[in-house]
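**Q** My questions are about this predicted structure, shown below with the sequence.
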Amino acid sequence: IESKKGDILIELENNKSIIVECKDSAGYSSKKTIDEINDAIQNRKASFGIFLFAKRDEMPRELCPIKITDKYLITYYDEDNLYFSYRIARLFVLRNRENTEDKVNFEKISSELSTIEDNFKNIDSIQTKVTTIINSGEYIRENIKLLRDRIDGSVIKIKNALGEKFEEEVSSSLKK
């Protein structure tokens, strides 16, 4: 038996549903991703789809970090992406779905959707910089520890050298 596409089906109070397709794979092109979420929506008779990659680097670059349309949303699991994705999907599914108003509504909100996509891109860029800063901090911390260990080693060598000389002086003064 071939299973239907669509890993999680969320039924809402208006008898409409959201399908969530989850992937932990880097082998997806933009076309394959979009085709698969559209198939999942159709197979499960859902009103909206969320295609959720496990990690950012699995997403096709041109869709990253988020792609929002009036039928589906594509993003990855990390940060608050799932939280916002569900909220956006829910807005689409619970809105008045008369065909004439549908197009008008989407035109009215498309600039806000673009703003959301831009803000996700900014978050993504900032997160990348934060990761770089954290990695740099860890590198600096490790190298400071290494330098402290080297200084400690040098102090021990000096102590040992002075200790040997001190012991020689004490021995020679006792022999006199």
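**A** It's in.
**Q** can we go C-alpha only for contacts and neighbour counts from here?
**A** Noted.
**Q** what about the longest helix in this protein?
**A** What stands out as the longest helix in the chain, according to DSSP state H, is helix 99-175.
**Q** Give me the helices and strands touching that one, please.
**A** Using 3 or more Cα pairs under 8 Å, 6 or more residues apart in numbering; DSSP states H and E as the contact test, the elements touching helix 99-175 are strand 66-68.
**Q** pLDDT of the strand it packs on, averaged?
**A** For strand 66-68, mean pLDDT rounds to 89.
**Q** List the neighbouring strands of it plus their orientation.
**A** When sheet partners are counted by DSSP bridges, strand 66-68 sits next to strand 72-76 (antiparallel).
**Q** what's the spacing between the lowest-mean-pLDDT helix or strand in the chain and its chain's center?
**A** The helix or strand of the chain with the poorest confidence is helix 99-175; it has a mean of 80 (mean pLDDT, DSSP states H and E). With Cα atoms, centre = their mean, to the nearest Å as the basis, helix 99-175 stands 20 Å off its chain's centre.
**Q** quick one: that helix to strand 72-76, angle?
**A** 0 degrees (axes from the mean of the first three to the mean of the last three Cα atoms, to 10 degrees).
**Q** Closest to the mean position in this structure, which residue would that be?
**A** For the chain, residue 78 is the residue whose C-alpha lies nearest the centre (Cα atoms, centre = their mean; 3.6 Å).
**Q** got a list of what it touches?
**A** 54, 55, 56 (Cα atoms under 8 Å, 6 or more residues apart in numbering).
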